[in-house]
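Asks: Structure for this input, please:
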Amino acid sequence: MPIYDYRCNKCSHLQSIFIRNLKKKLNPKCETCDSNDMKRLMSKLSPVKNDTQVMDSLGMPNPSGSVEDPRQIGRWVEKRFEDYGMDVPEDTREMIDAAREGQFPDPISDI
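Replies: As a prediction, the model looks like this:
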């Protein structure tokens, strides 16, 4: 099942759409401005990676690999969202901000 890349002709937003059924006619809609004026782009080929290669490409929260500093974890999470051109979800933003103020989510505060 392929993933097709589209660019909105109205707002220039880029998005990828996972196609479950190739026989069904696709009418892509921009997730940013709701326009149906979308152009299909030529997608880049990407090599298949194993789990280790994927984790290596994401990097660690800081050079030493320590995940004890919530500010480092927050920066790392924000960078990952930025790398993928995504906005940080509100609930994730709240957890990052709370951790920076010393209030950890329940599973972390138990450590």
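
Asks: just the helices in the protein please.
Replies: Applying DSSP state H to the chain gives helices spanning 51-58, 70-83, 90-100, 106-109.

Asks: who touches the residue lying farthest from the centre of the chain in this structure?
Replies: In terms of distance from the mean C-alpha position of the chain, Lys23 ranks first, at 28.3 Å (C-alpha atoms, centre = their mean). Under the criterion of C-beta atoms under 8 Å, 6 or more residues apart in numbering, Lys23 has no neighbours. Every C-beta, even on glycine, is put in place using the N, C-alpha and C of the backbone.

Asks: Next one: it relative to Asp37, how far apart?
Replies: 24 Å (C-beta to C-beta, to the nearest Å).

Asks: Can you mark which positions in stretch 26-36 are buried?
Replies: 28-30 (16 or more other C-beta atoms under 10 Å).

Asks: So which of the residues you listed is the closest to Ile17?
Replies: Nearest to Ile17 out of the buried residues of stretch 26-36 is Pro28 (C-beta to C-beta; 5.6 Å).

Asks: residues touching that closest one, list them.
Replies: Taking C-beta under 8 Å, 6+ apart, one finds 4, 6, 15, 17, 36, 38, 40 in contact with Pro28.

Asks: How about the first one: which residues does it bridge to?
Replies: Beta-bridge pairing for Tyr4 (DSSP bridges): Ile17.
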